[in-house]
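Q: here you go, sequence then predicted model.
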Amino acid sequence: MTQAAFPKLLSSQIAFDIARTILDGFDKHYRLFRQTSQAAKRHFETGAWPVAQQAARARIDFYDRRVQECVQALEDEYSHADLSDEVWRETKLHYIGMLSDHKQPELAETFFNSVCCNILHRTYFHNDFIFVRPVVSTEYIETEELLPTYRVYYPHVDGLRFTLKRVVTNFQLDCQFADLDRDVALVEARLKLTFGPGTMEPNHQIQVLANLFFRNKGAYIVGKGINGSREYPFVLPILHDGDGKLVLDTVLSEQEQIAVLFSFTRAYFLVDMEVPSAYVQFLRNLLPRKPRSEIYTILGLQKQGKTLFYRDYLQHLKHTSDSFAIAPGIRGLVMLVFALPSFPYVFKVIKDFFPAPKETTRALIKEKYLLVKHHDRVGRMADTLEYSNVAFPLARFSEELLAELKHHAPSLVEIEGGQLILRHLYIERRMVPLNMFLSQAEQAGDDELIEHGIVEYGNAIKELVAANIFPGDMLYKNFGVTRHGRVVFYDYDEIEYITDCNFRDIPLPRNEEDEMSAEPWYAIGKHDVFPEQFGRFLLGNAKIRKYFMQHHADLLTRDFWQRRKQRIIDGHLEDVYPYPQAIRFCNLASPVSITPAALSRPVFTPPYLENLHNE
């Protein structure tokens, strides 16, 4: 671009004003986002768990509300004649200039895309008009506040125990610890095993992110030890004990444990970040196998996560040649699911019509997925990415898949040149369906894997119950197994709140005719659930039945479900820990003498899970 041309391009006052309006909209969004994250500290200190949960749910909607406010303001202010292609091109150039000293430029670019994609036709969705590629670098952005992104400590100066106590007290929580000296001694003993003999070397340092990570009833200190070229990640969970005082609950020092803490199956953290890209970079060092898109998402910046995911997906398409095909497993009545074999995600499209016995609508299914997005997923429900007007290369669709899409979801399919456009779909992490996992384990004669799958299945249901979620359809095909061997629920079209369900025992037959009847002899309400019937659908296999009855027979009783429902009604918020119970300090007979092998949780990799990415 010549110097003479540049002033001519940047001559539109309308373009400048549009850019200013969009950036003001983003700045308002991020200001409110940070205020909610800052308030999480106060909620944690006071134990205001319902308030904290409601704030976390409400924050998810902030972004879309600000986008719609911005779109409405622009549509009210300008006519279609004002907004020529040249104006939109110049708007982007003005916007780039405004981001030169911005603290969240990558988020602001995504916000710009969201506003423009609500106004412009999809033919404008390329780099001339929106940020298909990022422009502003996020490296070395300096904080303006007194608090840096992370603090650095040197254990050789004052000793590891005193250093760890400083790490904890520097967060200035307005709540007393039950016995901080005891807890710090336990953490010191655990971290000495992790850091090894170099703990007191002069070049050994500890870096700790400057703000706490809040989620549910826990706060988390996130840091790493550095000794030369070696780095040792760790996370310290802080909880309230039964007397309202604080305790350091354990140390997470294995990458796999930390990966599960930051899993796509959990609710988003609340953490105050002036420069979010710096937090993401720090976490990438702890979790190098986790893509940046997932880290942004788990920090509550799910729109940025979507943007990065889509960029990664486009790059993957450029460098692969395999074809999209129907995903393996039992085909669902509501969703058509397809996948690209080389890509660790599945694409889910809501069908236009649903055969009996399904009684639902597209709008109702979307409501269920939105419910899950806002709900505490307690590590047992997969997060989903929702997209509209997604273009796929038509040549890479198998004939079978194309026919299925045209038959089951014709209203969502549009073919334009060499592209297939899907007007709406969900993208979700690919997992091994539990029914396939159990079948393959049985074929391999691996009873240990069968037992593991059933134990995890029951645990998943019980943790969903703790979060006030009834899965509805509890068949194994609706659950998946992650690389870490965790069972996760992913079929949401029949979920209900536990508190909306009416759990009943099947009435005794009144006579022989009732007993022999193929149809129920008793009235069944819309929300009635009969737990004793679950066994008919779940326990046909003798080995599965053996392990289910050994570990989770209570799931077949009305009393289990009714007691849990009553606890929720009474306002009790259950504790669901994102790490193994066995490593909690309160559950160890001798926490100081625990061996490194006991701390590790090996990655679960039977042959049929080897191609899946990290959880």
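A: Structure received.
Q: low-confidence ranges in this protein?
A: Residues of the chain meeting the criterion pLDDT under 70: 1-10, 145-146, 198-199, 588-615.
Q: what is the neighbour count of the closest residue to Asn435 other than its chain neighbours?
A: Leaving out its chain neighbours, the residue that sits closest to Asn435 by CB to CB, 6 or more residues apart in numbering is Tyr476, at 4.0 Å. Just so you know, the C-beta spots here come from the backbone N, C-alpha and C atoms, and that holds for glycine as well. Residue neighbour count, defined by other CB atoms under 10 Å, stands at 22 for Tyr476.
Q: please verify my assumption that Tyr476 contacts Gly458.
A: No: using CB atoms under 8 Å, Tyr476 is not in contact with Gly458; the gap is 11.6 Å.
Q: which SSE is immediately downstream of the helix or strand where Ala460 lies?
A: Using DSSP states H and E, the element containing Ala460 is helix 447-466. Downstream of helix 447-466, the first helix or strand assigned by DSSP H and E is strand 469-470.
Q: sheet partners, orientation included, of that next one?
A: strand 496-497 (antiparallel) (DSSP bridges).
Q: centre of the chain to the helix or strand following the strand it pairs with, how far?
A: Counting by DSSP H and E, the next helix or strand C-terminal to strand 496-497 is strand 502-503. Relative to the chain's own centre, strand 502-503 is displaced by 30 Å; criterion: CA atoms, centre = their mean, to the nearest Å.
Q: which neighbouring elements make contact with strand 502-503?
A: The contact analysis (3 or more CB pairs under 8 Å, 6 or more residues apart in numbering; DSSP states H and E) places strand 502-503 against strand 528-529, helix 558-569.
Q: export the next helix or strand along the chain from the first one to PDB, keeping only CA atoms.
A: Secondary structure here is assigned by DSSP H and E; on that basis, the next helix or strand after strand 528-529 toward the C-terminus is helix 534-538. Listed next in PDB are the C-alpha coordinates belonging to helix 534-538 (Å, rounded to 0.1, in the frame of the first residue of the first chain):
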ATOM      1  CA  PHE A 534     -33.300 -49.100  34.700                       C
ATOM      2  CA  GLY A 535     -32.000 -52.600  35.100                       C
ATOM      3  CA  ARG A 536     -34.100 -53.900  32.100                       C
ATOM      4  CA  PHE A 537     -32.100 -51.600  29.700                       C
ATOM      5  CA  LEU A 538     -28.700 -51.600  31.400                       C
END
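Q: what's next to helix 534-538, contact-wise?
A: Here helix 534-538 makes contact (CB atoms under 8 Å, 6 or more residues apart in numbering) with Met474, Leu475, Tyr476, Ile544, Arg545, Phe548, Leu555, Leu556.
Q: 10 Å instead, please
A: 454, 457, 461, 473-476, 544-545, 548-549, 552-553, 555-557 (CB atoms under 10 Å, 6 or more residues apart in numbering).
Q: what's near enough to touch Tyr154?
A: Tyr154 touches Thr163, Met200, Pro202, Asn203, His204, Gln205, Ile206, counting by CB under 10 Å, 6+ apart.
Q: from those, which ones fall inside helices?
A: Among the contacts of Tyr154, the residues falling in helices (DSSP state H) are Thr163.
Q: most neighbours among the contacts of Tyr154, which one?
A: Ile206 (25 neighbours).
Q: biggest helix in the protein, by residue count?
A: Max-length helix for the chain by DSSP H is helix 13-46.
Q: buried sites along it?
A: Across helix 13-46, burial judged by 16 or more other CB atoms under 10 Å covers 15-16, 18-19, 21-23, 25-26, 29-30, 32-34, 36-37, 39-41, 43-44.
Q: what's the answer for stretch 400-419, then?
A: For stretch 400-419, by 16+ other CB under 10 Å, it's Leu401, Glu404, Leu405, His408, Ala409, Leu412, Val413.
Q: tell me which of the residues you listed is nearest to Phe195?
A: Leu401 (51.3 Å; CB to CB).
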